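J.: Mind looking at a prediction? Sequence and model below.
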Amino acid sequence: MSVSAGLHPRRLPDPAALLRLLKPVTWFPPMWAYLCGVTASGVTPGTDWPLVMLGIVLAGPVVCGMSQAANDWCDRHVDAINEPDRPIPSGRVPGRWGLWVALAMSAAALALAVPLGPWGFGATCAAVAAAWAYSAEPVRLKRSGLWGPGLVGLSYETLPWITGAAVLSAGAPAAEIVVIALLYGIGAHGIMTLNDFKALEGDRETGVDSLPVTLGPAVAARTACVVMALPQVAVIALLAWWSAPVAAALISVLLAAQGWAMRVLLRDPKARAPWYNATGVLFYVSGMMVAAVALRGIVA
């Protein structure tokens, strides 16, 4: 924070800092997963496009944006160590504005979810609860390198995938959809573990037992790679069993590409984790849509 900012603290948040608080780059995974659910449902959207678009906006900018605001508010002391230029510790989102934004967006998410019916509303309630359980005391599952990334992976991938399928189907999705969505949510645990590398020092100082803290960067990175790969192997096997060999082969190629990226990552996990999240994860989410298209034929 500059000297002038320290002498004259802001009363209102900087609009650019508010946008950064919501982290638009993080909106893509749940939006993509919701689209995967819509695709896998086997239902042609037709006149349901408003529900599709509402679900995408709800999953990304609203619910995911809310979760980022809540996390930044609850992590403001950790961020003051790791990233003091972030909106809250830098003072560009002053006072309790971060908390008020998170609470207001929580309420907005629940209101916007009503048109999505009982499945969409129930899933939104679960997502909002998960966001606060991850970040806020006394639960703060972020403290655990096992439960924290697991909750985020299921919230970012499995929950919106199942929701997209349920909203379009106007009922419970097929068992095959639930199984594949669950596998990709489990694999996302590894992605979330790699994301924890950027906060290694602050987590260690503030008692957050992420896997990079408890296992060390090298072992945590290898663990993350295994956790990302094994569910995809299961997806490949299931698709082959369900007579979708082309999709199984395509996901195998994408997994092989991830294997190359993982070898690069493991040379220097701490330095290369951001690179992997921008590169290897692309192959992961591409496989999700391949699986969703295959499921469309399987559950039809």
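T.: Everything's here; your move.

J.: following the helix or strand containing A16, which helix or strand comes up?
T.: A16 belongs to helix 15-22 when assigned by DSSP states H and E. Toward the C-terminus, helix 15-22 is succeeded by helix 28-40 as the next helix or strand (DSSP H and E).

J.: for the helix or strand where L151 lies, packing partners?
T.: Secondary structure here is read from DSSP H and E; on that basis L151 sits in helix 147-153. Counting by 3 or more CB pairs under 8 Å, 6 or more residues apart in numbering; DSSP states H and E, the packing neighbours recorded for helix 147-153 are helix 117-135, helix 175-195. C-beta: built from backbone N, CA, C; applies to glycine.

J.: Tell me which of the ones you listed sits most buried.
T.: Of all the helices and strands packed on helix 147-153, helix 175-195 has the most neighbours on average by mean count of other CB atoms under 10 Å, namely a mean of 22.

J.: Can you tell me how far T193 is from P94?
T.: As for T193, its distance to P94 is 33 Å (criterion: CB to CB, to the nearest Å).

J.: what bits of the chain have low per-residue confidence?
T.: Where the chain drops to pLDDT under 70, the residues are 1-9.

J.: And the strands in it?
T.: Taking DSSP state E to define them, one finds no strands in the chain.

J.: Nearest the geometric middle of it, what residue?
T.: Centroid-nearest residue in the chain: Y156, 3.5 Å away (criterion: CA atoms, centre = their mean).

J.: was I right about that residue contacting G187?
T.: No: using CB atoms under 8 Å, Y156 is not in contact with G187, being 11.1 Å away.

J.: From the contact counts, what lies against the helix ranked longest in the chain?
T.: Longest helix of the chain, by residue count under DSSP state H: helix 269-299. Contacts defined by 3+ CB pairs under 8 Å, 6+ apart place helix 269-299 against helix 28-40, helix 175-195, helix 217-241, helix 245-267.

J.: Give me whichever of those helices is most buried.
T.: Greatest average neighbour count among the helices and strands packed on helix 269-299 goes to helix 28-40 (a mean of 25), per mean count of other CB under 10 Å.

J.: ok, the residue nearest to V78 when sequence neighbours are not counted - contacts?
T.: Spatial nearest neighbour of V78, chain neighbours left out: G202 (4.3 Å); criterion: CB to CB, 6 or more residues apart in numbering. Contact analysis of G202 by CB atoms under 8 Å, 6 or more residues apart in numbering lists V78, D79, I81, N82, V208.

J.: Nearest residue to the second one in space, please, no chain neighbours.
T.: Closest residue to D79 in three dimensions, ignoring its sequence neighbours and counting by CB to CB, 6+ apart: R86, at 4.6 Å.

J.: same deal with the fourth one?
T.: Take N82 and drop its neighbours on the chain: the residue closest to it by CB to CB, 6+ apart is G202, 3.7 Å away.

J.: ok, the one you found to D75 distance?
T.: Taking CB to CB, one finds G202 at 8 Å from D75.

J.: these two touch, right, L21 and P94?
T.: No: with contact defined as CB under 8 Å, L21 does not reach P94; the gap is 11.8 Å.

J.: who has more neighbours, these two?
T.: More crowded of L21 and P94, by other CB atoms under 10 Å: L21, with 24 against 18.

J.: tell me the contacts of that one?
T.: L21 makes contact with P13, Q68, A69, D72, P87, I88, V93, G98, V101, according to CB under 8 Å, 6+ apart.

J.: now swap in L215 and tell me
T.: Listed by CB under 8 Å, 6+ apart, the contact partners of L215 are G145, T223.

J.: do you know how far it is from A229?
T.: For L215, the distance to A229 - CB to CB - is 17 Å.
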